[in-house]
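> Got a sequence here, can you model it:
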Amino acid sequence: MIPAQRASTSKRLSGVLHNLAKNANTQSRAVVVSTPNGARAISSLKPGATIGGRVTAVRGYKKKDCLQFGQIQHYATAPGEASAKTARQPHFDKILIANRGEIACRVIRTARKLGIKTVAVYSDVDKDSLHVKLADEAYNIGPAPSAESYLRMDKIIEVCKKSGAQAIHPGYGFLSENAIFAERLEAEGIVFIGPPASAIVSMGSKSESKNIMSDAGVPCVPGYHGSNQDPDFLFSEAEKIGFPVLIKAIHGGGGKGMRTVVEPTKEAFNEALLSAKRESLKSFGNDTVLVEKYIQRPRHVEVQVFADTLGNAVSLWERDCSVQRRNQKIIEEAPAPGLSPELRANLSEKAIAAAHAVNYVGAGTVEFIFDNDTQDFYFMEMNTRLQVEHPVTEMITGLDLVEWQLEVAAGNPIPLSQSSIPLVGHAFEARIYAENPRNNFLPDSGTLLYLSTPEPTHIFAPEFTTAASTQGEDANASRASPSSSLAVEPIESPFSPALRIEQGFTQGAQIGVFYDPMIAKVVVHGKDRTEALRMLRKALDEYHVVGVSTNVEFLRTLAGNRAFIDAEVETGFIPKHFDELFPPLEEPSAAVLAQAALYVVLRDAIAPSSGPASPWTSLASRRFGGDKSRRLITLQTDDTLNTAITAEVSTIDGQNFDITITSPTHGTTHFAGVPAQLATDKTTLKTTLEGRGLKTTVVSQLPPPALPASQSHSTMERIHLFADGHRTSLVLPSPKWLLSLSEDVLNAHKGGLRAPMPSLVVEVRVKPGDRVEKGQAVVVLESMKTETVLRADAAGVVKSVGCKNGEMVEEGRELVDIEPEVVEGESS
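Numbers count the residues shown, from 1 in each chain. Presented below is the predicted three-dimensional model:
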C-alpha cells in the first residue's frame, strides 16, 4: 500500500489556517466566521487572532489549480479528541470500478488525485469509452447486455484478482446495492467500497426498512407495511389510512409497481391493486405491495449521510430532488430551498438515526417525502450507495465524497466532525439525457456527432477547509448538543460562481440501447440560489448536442420557469406547469431562417485554391458582366409542423448578401447587405442582422450513408442552429434528381429490410434460400427496451442476411434482402 501518511489533527489545520490568514492580502482567499449570531465573511485574519466562533477557511480554485488538490487537507478529529489519535490507515494501492459512464470517470478522477491506480471493466460496445481510456488498466467482461457483463459478479471478481485490485467501487446502479455481491467480495477478501451487506438487505425492502425506521423513531408515512396481501384486508387498511392512498411494490424503484387510488371504492382499489401487482411481478419478480397515505403536494427531500466503522455518522445536509419525470429525477439542488435551521436539524437527526439503526458504513442517502401543506416529513427509503446527484452536496460542503468513501473503506474515521462540515452557497445539478421530452421523454440512441459544452471552472468542488480556531472553542463544541451543530443556515459563498461538467462521453461516442441514456451532468454553484440558477441557465445555453434528441432545451425552459425560480417545487411540478414547459411549436423567425440559408451558401462555396491566384479562385460566386449570383434554398422545419420555407440568397461580393425569406407564417422578409462569414471551425457563423451582431453555432447532420434518399426526414440533411438558448432544427429536402436515383435503387432492392433506428438484433428468423410469405416476421430488433418486428413486404426468397443475433446495427443498414417472387402474368 501507499506508505504516505496524512496528519489529521486540529493542530496542523490551525497552522494551515494561520498561513491562509497571513497571505490573505496577497492571494485570492477568504475567511468565513461562523458565530452564535450567524456567519460573516472577513477579508483578512492576522496570525494569532482569535474570534468567537468557528473559523472556516475557504479556498477557491482556478482551472489550472484543479489537478493540484491535496495541498490543503481537510481532515480533522472530532472537537476535543485531538489527544485520542489513532494510526491512520493508508489508501489502497489499486481499486476496480465496477461501472461505466460518468460515474466511473468520476471515481477515476479522485483516485488519480490520491495516487491510487484504477482498473476499468467494459462490455464489447464500451471498448472505446472514456472510462476505459482514463483508467490505468481495462478488461473486457463480455457482450453489451448488462446481464452478460456489468452484472456478472464472477467476471468482475476474476478481473479484480487478476489485476491485483484490493477494493471495488460499484458506482451507482448495476451491482451497487446487491447484498450478494457485497457478501461474495467479503468472502474473497476484497473490500467493497460501500455499506455492509446487512444494511443493503435491510434497506432493500421498503416494508422492512419502514419497520426498522419506525422502531428507530424516524417518522414514516402512515400505512400498512405487513405481509397480508388479501385484497379485502388491504382495502380495509386503505380505509383506515384514508384516501387517497398509494399502492407501492416493496422491491425495486423507478416508479414501477406504483398506483394512486383517489376514489374510495373497492372496485377502484382492486383495479389499481391488480395492476400494481402485475407490474411489480414483471419488473422485480415479487408482487408484494404496501399501502400508504398519498401526500397530495409532496416534495422529495433527501439527506446525505456518511458513517464509518467506528460508529460515527454525520449529515452532509439535504438536497431537493422534487422535479421529476416518470418518477425519476432530472434536476437537483442543495440545500433544499425554504427550510428553517430547525427543520434542517430535525431532518439530519432523523437521517443519522436511520444510519445508526442499520449500522451503516460509507455514503448513503435517506429519502423523505416532505408535505408542502403541513411541513411534515416522512421516511421513504434509504439508498445504500453514492447517488447520481452527490455533486451538489460536494459543491456546498467543499468536500470530495468519493475521497471520503475511500477513507472510510480503508478503515479510517470520517474526516470531519459534524460541527466542522460547511454549508456554503447553493448548487444545482441538471442531468443531460438522450431523450425526447415532447414524446413523453422517450429515450433516444445514436452517435454524438457534435458535442460542445461550456468551459468548466472546476474538476472538483471548491474546497472549504474547516477547523476550530482555539482550544476554548474546541471545549465548547464538545459540550454542544448534536442538534446545535445541525441547525445551521447556508453561508454566502465569497467566490465567483463555479461550474463542473460530469460526463462519461465525448464527441463521436455512441449512446446505445443497452444502458441508461444519461450523457452528462451540469453542476453549478453560486453564492445563493439566484446566482446558482442564473449560472445553470447560462451553462445550458452553451451545451450543444447533435446526433441524438436531448432534454437540454427542456431543462433550460425549466430553469427559467417563474414557479421554479420562486422555489415552488413539488414532485408534480412538470404536469402542473406542463403548458408553460411545453409551449406550442412555432415556426423559426425570419432571422434564424436567414442564418440557416447563409450557412448553406457559405459552406458550399468553393474553397480557395492553394495555387497561383486567378479570377477563377478570387471571385466568389460572381458572374461576368457583374451580375450577382442567386441561389434558391428550400428548407423544412424538422418537427410535426413540417413547414416548407424558401430562402433566396444573392451574393454581392462573397462577404455580403441580400436575403429574401418566404414562409407561411412570416410572409416575405427582406434582409439587404448582410455581412456574413463562416469561421475556420466550419460551425460558427458570424453575421449582422437587423443591427444585431450574431455569432451562431450551426451544425450539419448528414443522413446515414446506407439510407437511400426519400421523402422521410431521416434520409435528408439536417441543419441545427444554436442561438439564444434554443436549438432550431431544419431539413434540406433531397433534390428531385437524387430522389429519382434513389427510387431506382429502392426498386432494385424493394425486398430489402432496413433498420429503422440504431438497434440490437434480438433474433434473425430466416437464412439465405428460405421462402417467406408477405407479413412474415423476419428480424426482431430491440431499441431502448422496446422490440420492433421487421416483416416481409412481399412473398419471396431470402437472397442475403446482413446481420446476426446480438449485433448492434446502425440506422438504415440493410438487414435482409428478399427477392420478391414473380406472379404469373407480371414482369419483373
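> Which stretches in the stretch 551-700 of the chain count as helices?
552-559, 562-565, 573-576, 578-581, 590-604, 615-618 (DSSP state H, counting those that start in this stretch).
> for the chain, longest helix please?
Longest helix of the chain, by residue count under DSSP state H: helix 266-284.
> picking up where we left off before, quick one: which of the helices of the stretch 551-700 of the chain is nearest Phe377?
Closest approach to Phe377 among these (Cβ to Cβ): helix 573-576, 18.0 Å. Bear in mind the C-beta positions are built from the backbone N, C-alpha and C, glycine included.
> model confidence over the longest strand along the chain, on average?
Using DSSP state E, we find that the single longest strand of the chain is strand 667-678. For strand 667-678, mean pLDDT is 95.
> what's that strand packed up against?
Contacts defined by 3 or more Cβ pairs under 8 Å, 6 or more residues apart in numbering; DSSP states H and E place strand 667-678 against helix 590-604, strand 656-663, strand 684-689.
> Indicate which one of those is closest to Ser783.
When those are compared (using Cβ to Cβ), the closest one is helix 590-604, at 29.9 Å.
> Run through the residues that contact Asp136.
94, 117-119 (Cβ atoms under 8 Å, 6 or more residues apart in numbering).
> Return stretch 298-309 as CSV; C-alpha atoms alone will do.
Written as CSV, here are the backbone C-alpha positions of stretch 298-309 (Å, rounded to 0.1, in the frame of the first residue of the first chain):
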residue,chain,number,x,y,z
PRO,A,298,-45.1,16.3,-1.8
ARG,A,299,-41.5,17.3,-2.2
HIS,A,300,-38.7,14.9,-2.5
VAL,A,301,-36.1,15.9,0.1
GLU,A,302,-33.1,13.6,0.9
VAL,A,303,-30.2,13.8,3.4
GLN,A,304,-26.7,12.8,2.5
VAL,A,305,-25.3,10.8,5.4
PHE,A,306,-21.8,9.3,6.0
ALA,A,307,-20.8,6.8,8.6
ASP,A,308,-17.6,4.9,9.4
THR,A,309,-16.7,1.6,11.0
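> and that stretch, how far from the chain's centre?
Counting by Cα atoms, centre = their mean, to the nearest Å, stretch 298-309 is centred 19 Å from the centre of its parent chain.
> Check stretch 354-372 too.
Using Cα atoms, centre = their mean, the offset of stretch 354-372 from its chain centre is 23 Å.
> Reformat the helices of the stretch 551-700 of the chain into JSON lines and put distance to Cys321 next to each item.
Formatted as JSON lines, the helices of the stretch 551-700 of the chain follow (distance: least, Cβ to Cβ, whole Å):
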{"stretch": "helix 552-559", "distance to Cys321": "14"}
{"stretch": "helix 562-565", "distance to Cys321": "13"}
{"stretch": "helix 573-576", "distance to Cys321": "11"}
{"stretch": "helix 578-581", "distance to Cys321": "17"}
{"stretch": "helix 590-604", "distance to Cys321": "35"}
{"stretch": "helix 615-618", "distance to Cys321": "59"}
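> need the least confident one among those helices, by mean pLDDT.
Among the helices of the stretch 551-700 of the chain, helix 615-618 scores lowest, at a mean of 48.
> Let me see the ranges of the helices in the stretch 151-300 of the chain.
Using DSSP H, counting those that start in this stretch, helices in the stretch 151-300 of the chain cover 153-163, 179-188, 197-204, 206-215, 231-241, 266-284.
> for the protein, which spans come out with low pLDDT?
Applying pLDDT under 70 to the chain picks out residues 1-86, 252-255, 465-484, 606-628, 640-642, 705-714, 735-751, 784-786, 823-828.
> Quick check: the gap between the residue most central in space within the chain and Tyr599.
Nearest to the geometric centre of the chain sits Arg431, at 3.2 Å (Cα atoms, centre = their mean). Separation of Arg431 from Tyr599 (Cβ to Cβ, to the nearest Å): 31 Å.
> Next: Arg385.
46 Å.
> do Gly667 as well
For Gly667 relative to Tyr599 (Cβ to Cβ), the value is 23 Å.
> The two - which one has more neighbours?
Tyr599 (25 against 9; other Cβ atoms under 10 Å).
> Excluding covalently adjacent residues, which one is nearest to that one?
Take Tyr599 and drop its neighbours on the chain: the residue closest to it by Cβ to Cβ, 6 or more residues apart in numbering is Val698, 4.4 Å away.
> for that neighbour, what are its contacts?
Contacts of Val698 (Cβ under 8 Å, 6+ apart): 595-596, 599, 683-685, 719-722.
> cutoff 10 Å now
Counting by Cβ atoms under 10 Å, 6 or more residues apart in numbering, Val698 touches 595-596, 598-600, 602-603, 678, 682-685, 719-723, 728, 730.
> picking up where we left off before, which ones among the contacts of Asp136 lie within strands?
94, 117-119.
> Where do the strands of the stretch 501-650 of the chain begin and end?
510-511, 518-526, 544-546, 629-637, 644-651 (DSSP state E, counting those that start in this stretch).
> mind putting those strands in a markdown table, mean neighbour count and distance to Asn99 included?
Formatted as a markdown table, these follow (neighbours: other Cβ atoms under 10 Å; distance: least, Cβ to Cβ, whole Å):
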| stretch | mean neighbour count | distance to Asn99 |
| --- | --- | --- |
| strand 510-511 | 22 | 17 |
| strand 518-526 | 26 | 12 |
| strand 544-546 | 22 | 23 |
| strand 629-637 | 16 | 40 |
| strand 644-651 | 19 | 46 |
